[in-house]
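K.L.:
this one's structure only:
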Ligand code: HEM
């Protein structure tokens, strides 16, 4: 069976940060792929070919089969050929993973490591931190209202609240948050020129890898001290759980220890910021929806689930086939690389009626923004809870909300969302 090849413009769009920033054109390409070539190969000059997976059903089928679709073998986030080669040269055993966290692991390590913190992230346990999160949300709302009546919600509010929450529950004190934010941004090496001026000086992949090593070493030093402290003085935070955990009867090795802190410190904030800002944008555009959800007793669950589908902050993850396998009518070969495109899966016409409408009343919202299967987002309940608390604290305190300018999206293939959301509001 020959492999279907995507038209050049579809293949180019799914690796182009600018297309993710512009959004509408990307959706046209993805809709075309879902209808005509839902599992087909994207060929681009600087990237190894990969299967673009655009249908909800195929993304789920791959997610539920981690034995045959692995994370550890090749990069789990789209990386160009040169970048992957350099990362391999720079890592133990040439594995190419500068960081070894849950998303770079397969069985049996993955579950062993995931189980160390999984119960912490379950709704029952999260109740313990609800009051603390509400306090952070209230402080954030007070600051928003103090701006007078106009602000950039993405930059002034959404960018800070989830960062503050995740650092608080991890156990990083407020004075260290700017350092964590800077390291996170350097680590993800944002492709958006507005967000990453420092990278203008970086002209080669070698320099980029050298900078990443430096950033990772800084993270490791920071968390080494935090670990020592929590072993001596246990507290109620996640750092204490990680620092005192054991794997196969021993302490967690340094590389995995740093990877664990880093995945939680990084995965938990710009994702939740993006879905929170996306919800506010839709309310600012639609006065009837805003009126409905600002009522203190309104149920926010549908709004939150739809905002997560609508924004799909994590736009893709990659997998590598460990065996020959037929899926979606196509023959995948061992070693093939696949892009699970969550943006596309969350607009799949076969699953969502009128997928391009923002509808908080979807009867059963099967959004797949948190992924599916063994690697499904560990922080999904926390993300929903943070968003709900923010909506509960913010909306009843506003009597008017509207856009005050053009929103703009981040130019990034991996984690996307609004970087600018100018709003005008009146407090009650
Ligand atoms: C994994 C999305 C918030 C921690 C993931 C994955 C996705 C995702 C798509 C990978 C799923 C896969 O490969 O199948 C999101 C979105 C969020 C969000 C859209 C917000 C709206 C959070 C938060 C935290 C978090 C608040 C924690 C503080 C993690 C971790 C993993 C993960 C640790 C790795 C799980 C594993 O590999 O076993 N997330 N996430 N995420 N997320 Fe989230």
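P.N.:
Looks like it came in fine. Keep in mind that this is a model prediction, so the values were computed, not measured.
K.L.:
Would you agree residue 391 is in contact with residue 301?
P.N.:
No: counting by Cβ atoms under 8 Å, residue 301 is not a contact partner of residue 391; they are 10.1 Å apart. In this view, the C-beta of every residue, glycine as well, is placed from N, C-alpha and C.
K.L.:
Those two: which is more packed in?
P.N.:
Using other Cβ atoms under 10 Å, the more surrounded residue of residue 391 and residue 301 is residue 391, with 22 against 12.
K.L.:
ok, now which ones touch that one?
P.N.:
279, 293, 300, 303, 304 (Cβ atoms under 8 Å, 6 or more residues apart in numbering).
K.L.:
can you tell me the helix or strand for the last one?
P.N.:
In this structure, residue 304 is located in helix 301-311 according to DSSP states H and E.
K.L.:
ok, that helix near the ligand or not?
P.N.:
Yes: for helix 301-311, a contact with the ligand is found by Cβ under 6 Å from any ligand atom, at residue 308.
K.L.:
Direction included, what does the helix or strand that that helix is followed by pair up with?
P.N.:
Proceeding N to C from helix 301-311, the next assigned helix or strand is strand 316-321, under DSSP H and E. Each strand that pairs with strand 316-321, with its direction, by DSSP bridges: strand 69-70 (antiparallel), strand 337-341 (antiparallel).
K.L.:
Show me what strand 316-321 is in contact with.
P.N.:
Outside strand 316-321, the residues touching it (Cβ under 8 Å, 6+ apart) are 14, 50, 62, 68-71, 73-78, 103, 332-343, 371, 375, 413-414.
K.L.:
cool, and stretch 124-133?
P.N.:
119, 165, 168, 169, 236, 381, 382, 385, 386, 389.
K.L.:
Name all residues that make contact with the fifth one.
P.N.:
With Cβ under 8 Å, 6+ apart as the criterion, the residues that contact residue 236 are residue 128.
K.L.:
for the last one, same thing?
P.N.:
In this structure, residue 389 makes contact with 130, 133, 134, 137, judged by Cβ under 8 Å, 6+ apart.
K.L.:
hmm, try it at 6 Å
P.N.:
Each residue near residue 389 by Cβ atoms under 6 Å, 6 or more residues apart in numbering is listed here: 133, 134, 137.
K.L.:
and those residues, which of them are in helices?
P.N.:
If you go by DSSP state H, these have 133, 134, 137 in helices.
K.L.:
contacting residues for the second one?
P.N.:
The one in question is residue 134. Contacts of residue 134 (Cβ under 6 Å, 6+ apart): residue 389.
K.L.:
Now tell me which helix or strand of the protein has the poorest mean pLDDT.
P.N.:
Counting by mean pLDDT, DSSP states H and E, the chain has its least confident helix or strand at helix 177-188, which shows a mean of 78.
K.L.:
does any part of that one sit near the ligand?
P.N.:
No: figure legend: helix 177-188 not in contact with the ligand (Cβ under 6 Å from any ligand atom); closest approach 12.3 Å.
K.L.:
Pull up the residues of the stretch 301-428 of the chain that are close to the ligand.
P.N.:
So the stretch 301-428 of the chain meets the ligand at 308, 313-314, 317, 342, 369-373, 375-379, 382-383 (Cβ under 6 Å from any ligand atom).
K.L.:
so what's residue 150 bridging to?
P.N.:
residue 424.
K.L.:
these two touch, right, it and residue 425?
P.N.:
No: Residue 150 is beyond contact range of residue 425, at 7.6 Å (criterion: Cβ atoms under 6 Å).
K.L.:
Neighbour count: the two, which is higher?
P.N.:
It is residue 425, of residue 150 and residue 425, that has more neighbours when counted by other Cβ under 10 Å, with 22 against 11.
K.L.:
any weak-confidence spans in the chain?
P.N.:
1, 188-203 (pLDDT under 70).
K.L.:
Just the buried positions in the longest helix that it contains, please.
P.N.:
Counting residues, the longest helix found in the chain (DSSP H) is helix 205-232. Neighbour-count burial for helix 205-232 flags 205, 208-209, 211-212, 215-216, 219-220, 222-223, 226-227, 230 (criterion: 16 or more other Cβ atoms under 10 Å).
K.L.:
count of neighbours near residue 139?
P.N.:
14.
K.L.:
Then the one 10 residues further on?
P.N.:
The burial metric for residue 149, expressed as a neighbour count using other Cβ under 10 Å, is 12.
K.L.:
could I get the strands paired with strand 316-321 as a markdown table with mean neighbour count?
P.N.:
A markdown table is the format used below for these (neighbours: other Cβ atoms under 10 Å):
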| stretch | mean neighbour count |
| --- | --- |
| strand 69-70 | 23 |
| strand 337-341 | 24 |
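K.L.:
Now tabulate these in a markdown table and tack on distance to residue 6.
P.N.:
Compiled in a markdown table, those are given as follows (distance: least, Cβ to Cβ, whole Å):
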| stretch | distance to residue 6 |
| --- | --- |
| strand 69-70 | 20 |
| strand 337-341 | 11 |
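K.L.:
Going by proximity to the ligand, name the top residue of the stretch 51-200 of the chain.
P.N.:
Nearest residue of the stretch 51-200 of the chain to the ligand: residue 102, at 3.6 Å (Cβ to the nearest ligand atom).
K.L.:
Which PyMOL command selects the buried ones in the residues of the stretch 301-428 of the chain next to the ligand?
P.N.:
Of these, the buried ones go into a single PyMOL selection, burial set by 16+ other Cβ under 10 Å:
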select buried, resi 308+313+314+317+342+369+370+371+372+375+377+378+379+382+383
